[in-house]
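K.L.:
dropping the sequence and predicted coords here.
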Amino acid sequence: QVQLVESGGALVQAGGSLRLSCVASTRSFTTYAMGWFRQAPGKEREFVAAIDWSGEKTHYIGSVKGRFDISRDNAKNTLYLQMDSLKPEDTADYYCAATEDYSGTYYVGVYEYDFWGQGTQVTVSS
């Protein structure tokens, strides 16, 4: 079991930046592949970015490539999402997610993750 707590969401103007954090309460953070998802009002939850246990392998949805950066600090049990050049269409609740992994890969499907945080709200004004 792992508990996830996100923070860092805020109201920001278009073109601005935010860094989201997700702290995991577990003694074995390195056994989890991690991901960020988002859900806008009236829409399904969608994949944003994923990272393997080591931080060496990452993957992004096309609309955020070059603007968002996913990273992790295994010594601090913390996952990050650096978001730059924010756009109004990035407005959503952002969730971090974890799934046990021993193969050294990342995951992009909502149903591939077993543990979820409560979400943090990001609003980008135009």
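P.N.:
Ah, there it is.

K.L.:
every contact and neighbour count from this point should use C-alpha atoms.
P.N.:
OK.

K.L.:
residue contacts, the spatially most central residue of the chain?
P.N.:
By C-alpha atoms, centre = their mean, the chain has its centre lying nearest to residue 36, at 2.3 Å. Counting by C-alpha atoms under 8 Å, 6 or more residues apart in numbering, residue 36 makes contact with 47-50, 81, 94-97.

K.L.:
what about it, distance to residue 108?
P.N.:
Residue 36 sits 9 Å away from residue 108, going by C-alpha to C-alpha, to the nearest Å.

K.L.:
intersection of neighbour lists for the two?
P.N.:
47, 49-50.

K.L.:
find the nearest non-adjacent residue to residue 104, please.
P.N.:
Closest residue to residue 104 apart from its sequence neighbours, by C-alpha to C-alpha, 6 or more residues apart in numbering: residue 52 at 5.9 Å.

K.L.:
same question for residue 7.
P.N.:
Once flanking residues are discounted, residue 7 sits nearest to residue 21: 5.3 Å by C-alpha to C-alpha, 6+ apart.

K.L.:
can you give me the helices in this structure?
P.N.:
Applying DSSP state H to the chain gives no helices.

K.L.:
can you list which of the shared contacts of residue 36 and residue 108 are found in strands?
P.N.:
47, 49-50 (DSSP state E).
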